[in-house]
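Novice: predicted model and sequence follow; I will ask about them next.
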Amino acid sequence: MIRFDQVSKRYESGHEAISQLSFEVGDGEMAFVTGHSGAGKSTLLKLLALIERPSHGQIHLDGQNLGKVGRGGIPKLRRRIGMVFQDHRLLMDRTVFDNVELPLVIGGLAPAERAKRVRASLEKVGLLAYERQLPDTLSTGEQQRVGIARAIVARPALLIADEPTGNLDPQLAVEIMGLFAEFQQVGTTVLVASHDLPLIKRMKKRVVVLDHGRLVADVPAQEVL
Ligand SMILES: Nc1ncnc2c1ncn2[C@@H]1O[C@H](COP(=O)(O)OP(=O)(O)OP(=O)(O)O)[C@@H](O)[C@H]1O
């Protein structure tokens, strides 16, 4: 599903955030990317979503070389990727339903099909009863779940999440990670950047460790203690 071959990313500032990174994530696998602040976790995810471009090396997604995707191809690529951010980036003047529906409107789906999918996504994250509310009437954890519903509504093959539990209390964080594991169980490939080591260990999934942009450890799920 994901293949990085000797990927480096140097920002315009001259800082090399990712250095000669090579790794693969298989179809339907779930993995965590961890490492110190500034290790390059967010940059790695941004390279996958073509928010940033590598300075060197190649990234393949489902066999497609991302270096060959031009500006015009980016929306199509992003429709295959569900993205979850720490700050969830919801539109505060739109209802929960409207927020989750947005990717489908952009995707051009018919209204009846959109409504069906939005409700199925909201049900998965346990928020069906909140569809008519505005996001700021919801708790932080609930808002984060709306962000997750929005990320999965277009049924992406790949779900990427950048510190999705960063500002949640520990119990909510466990719940959110549990949701990601459930998506993996139904076949979605899931890549989560997090620095929450206790939580990562608890999930017993593969862990890729970055240090100053380099891969320093890649621990298979069965070896996570
Ligand atoms: N747009 C940018 N321009 C210049 N440098 C950047 C840019 N984005 C990130 N960096 C630098 O690249 C390095 C990696 O940043 P990145 O955000 O990928 O790390 P991270 O592991 O996600 O960190 P954190 O856990 O603090 O979010 C950092 O040193 C950061 O300052």
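Specialist: Arrived safely. Numbering: from 1, shown residues only.
Novice: so how far does stretch 203-222 reach from one end to the other?
Specialist: 11 Å (C-alpha to C-alpha, to the nearest Å).
Novice: any idea which element the residue nearest the centre of the chain lies in?
Specialist: Note on the chain: the residue nearest the mean C-alpha position is Ile160, at 1.6 Å, using C-alpha atoms, centre = their mean. Using DSSP states H and E, Ile160 sits in strand 158-162.
Novice: next SSE downstream of that strand?
Specialist: If you walk from strand 158-162 toward the C-terminus, the next helix or strand you reach (DSSP H and E) is helix 170-185.
Novice: which secondary structure state does Leu215 sit in?
Specialist: Here Leu215 is recorded as strand under DSSP: H, G, I helix; E, B strand; the rest coil.
Novice: show me the contacts for it.
Specialist: Counting by C-beta atoms under 8 Å, 6 or more residues apart in numbering, Leu215 touches 21-23, 208-209. From N, CA and C alone the C-beta is placed, and that goes for glycine too.
Novice: just the buried members of these?
Specialist: Neighbour counting by 16 or more other C-beta atoms under 10 Å classes 21, 23, 208-209 among the contacts of Leu215 as buried.
Novice: residues of the protein that sit close to the ligand?
Specialist: Neighbours of the ligand within the chain, by C-beta under 6 Å from any ligand atom: 11, 13, 15, 17, 35, 37-43, 195.
Novice: those: which two are farthest apart?
Specialist: Greatest spatial distance among the residues of the chain next to the ligand (C-beta to C-beta): Ser13 and His195, at 22.3 Å.
Novice: out of those two, which sits in the busier spot?
Specialist: Neighbours were counted for Ser13 and for His195 using other C-beta atoms under 10 Å; His195 has more, 16 against 7.
Novice: burial count for the closest residue to Leu168 other than its chain neighbours?
Specialist: Counting by C-beta to C-beta, 6 or more residues apart in numbering, Leu168 lies nearest to Gly141, which is 5.3 Å off, once chain neighbours are set aside. Neighbourhood size, Gly141 [other C-beta under 10 Å]: 16.
Novice: please apply the same query to Met83.
Specialist: 21.
Novice: please report how far Gln64 lies from Ala217.
Specialist: 28 Å (C-beta to C-beta, to the nearest Å).
Novice: near the residue lying closest to Leu122 once chain neighbours are set aside, how many other residues are there?
Specialist: Spatially, and ignoring its direct neighbours in sequence, Leu122 is nearest to Leu128 (4.7 Å; C-beta to C-beta, 6+ apart). Leu128: 16 surrounding residues under other C-beta under 10 Å.
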